[in-house]
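>>> Curious how this folds, go ahead:
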Amino acid sequence: MKFHADKSEAQSITGYGPGWVAVDREKFEHSLLVGAKGLRQAWDCIRFEDLTPEHFEALSQLDAEVIILGSGQRNRFPPAAWLRPLMARRIGLESMDTQAACRTYNILASEGRNVVAALLLE
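Here you go, the predicted model:
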């Protein structure tokens, strides 16, 4: 039996560290949104404490089946009421520290899932 490595067309997170993340080897030092279908844009919040309900309303407008929230250096959860726009559109949200979010995004994207990572780079 011969095995072949699967090749994903999705962009991937190729590195990360305190205050930075690399997407397809391009280094970013600000919070950003990364999507398996090519989304790569700055996200207008620096710290978890900067998040507002409007951030989650904007996330609900993205074409995604699941959002991975990288909440910074430790895992934190947004208030449940802020997730209503996501629930209304049947978009899942998982919260974890940013490094775990990077790894999880890569796994889901490589599986062909329509995933977006919302990464806070504190």
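
>>> Counting neighbours, what do you get for Glu94?
Using other Cβ atoms under 10 Å, Glu94 is surrounded by 14 other residues. From N, CA and C alone the C-beta is placed, and that goes for glycine too.

>>> Strands of the protein, start to end?
13-17, 20-23, 26-28, 32-35, 40-42, 66-70, 92-96, 115-119 (DSSP state E).

>>> Go through those and pick out the most buried.
Of all those, strand 115-119 has the most neighbours on average by mean count of other Cβ atoms under 10 Å, namely a mean of 26.

>>> State the distance from Ala36 to Asp97.
Per Cβ to Cβ, to the nearest Å, Ala36 is found 20 Å from Asp97.

>>> More neighbours: which of the two?
Using other Cβ under 10 Å as the criterion, Ala36 and Asp97 rank with Ala36 on top: 25 against 16.

>>> Of the strands of the chain, give the one that comes closest to Tyr105.
Evaluated over the strands of the chain, closeness to Tyr105 peaks at strand 115-119, with 3.9 Å, by Cβ to Cβ.

>>> got the CA positions of that closest one in CSV?
Extracted in CSV, the C-alpha atoms of strand 115-119 (Å, rounded to 0.1, in the frame of the first residue of the first chain):
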residue,chain,number,x,y,z
VAL,A,115,-13.1,27.8,9.4
VAL,A,116,-12.0,31.3,10.5
ALA,A,117,-9.5,32.0,13.2
ALA,A,118,-10.1,35.3,15.1
LEU,A,119,-6.7,35.8,16.8
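
>>> how far does it sit from the chain's center?
With Cα atoms, centre = their mean, to the nearest Å as the basis, strand 115-119 stands 1 Å off its chain's centre.

>>> So in that sheet, which strands flank that strand, and in what orientation?
strand 32-35 (antiparallel), strand 66-70 (parallel) (DSSP bridges).

>>> What lies in contact with the last one?
What that stands for is strand 66-70. Strand 66-70 has contacts (Cβ atoms under 8 Å, 6 or more residues apart in numbering) with 59, 78, 86, 91-102, 104-105, 108, 113-120.

>>> and with 6 Å instead?
Strand 66-70 has contacts (Cβ atoms under 6 Å, 6 or more residues apart in numbering) with 59, 92-95, 98, 101, 104-105, 115-120.
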